[in-house]
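A.B. asks: predicted coordinates and the sequence they were generated for:
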Amino acid sequence: MIFSSFNSTDDLSAYPPALQRALNYLKSTDFLHLEPGNYPIEGEMLFAKVFDQTSMPLDQARPEFHRNYIDIHYWPEGEDLAGYAPNPGTYPVTDSNEKDDLYFIGQVSDENFIHCGSGCFAIYFPWDIHRPSVAFQDRPITYRKVVVKVHMDLLSSSGR
């Protein structure tokens, strides 16, 4: 898991090329004027999902992970708490949508939370469990969020 902000001095050239492309897309797109929906960047290998959501109490937010995609969560506005923990591969899947590469689990050990606000991004790899959209200070708000999906094959040794 990587957490940073476009408001920091983070050097995007330090990331693998596929993540650089995704982060540059996030940095250069005005998401507040786009309609919610899916936006292809490189077909099904790299694409963005723009949506408006309402943060929720911790007990309603479900921990999740993906097997084939890296998630890059970006907050162009608003705020929430993002839970994260290593995925030891031993948590039972309680619900899934294999078509969307989405797997939910129950309780998580050693979960930590990060306060995410405007300009922040979090990169979750398949070995990371994440619990998105938890209401900061138990105050749900509605805000715009973007998730870029990066297929793991793009991180192959070819550098593509």
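C.D. replies: Yep, that arrived.
A.B. asks: element containing Ile70?
C.D. replies: strand 69-74 (DSSP states H and E).
A.B. asks: which SSE is immediately downstream of that strand?
C.D. replies: That would be, after strand 69-74 and using DSSP H and E, strand 80-86.
A.B. asks: list the buried residues for that next one?
C.D. replies: By 16 or more other Cβ atoms under 10 Å, the buried positions in strand 80-86 come out as 80-85. For every residue, glycine as well, the C-beta is placed using N, CA and C.
A.B. asks: same check on stretch 20-32?
C.D. replies: 21-23, 25-26, 29, 31.
A.B. asks: what's the helix or strand containing Ile129 in contact with?
C.D. replies: If you go by DSSP H and E, Ile129 is part of strand 128-134. Residues from elsewhere that reach strand 128-134 (Cβ atoms under 8 Å, 6 or more residues apart in numbering): 1, 53-58, 61-65, 71, 73, 80-87, 91, 105, 108, 111, 113, 122, 124, 145.
A.B. asks: just the buried subset of those, please.
C.D. replies: Buried among the contacts of strand 128-134 by 16+ other Cβ under 10 Å: 1, 53, 55-56, 61-65, 71, 73, 80-85, 87, 91, 105, 108, 122, 124, 145.
A.B. asks: who's in contact with His73?
C.D. replies: 82, 116, 121-122, 124, 130, 132, 145-147.
A.B. asks: in strands only, show me these.
C.D. replies: Of the contacts of His73, the ones assigned to strands by DSSP state E are 82, 116, 121-122, 124, 130, 132, 145-147.
A.B. asks: for those residues, which one is nearest Ser96?
C.D. replies: His130 (15.3 Å; Cβ to Cβ).
A.B. asks: got phi/psi on Ser118?
C.D. replies: phi -50, psi 130 (degrees, to the nearest 10).
A.B. asks: isn't it right next to Asp80, touching?
C.D. replies: No - under the criterion of Cβ atoms under 8 Å, Ser118 makes no contact with Asp80, lying 11.2 Å away.
A.B. asks: how about Asn112, nearest residue that isn't a chain neighbour?
C.D. replies: Nearest non-adjacent residue to Asn112, counting by Cβ to Cβ, 6 or more residues apart in numbering: Tyr84, 6.0 Å away.
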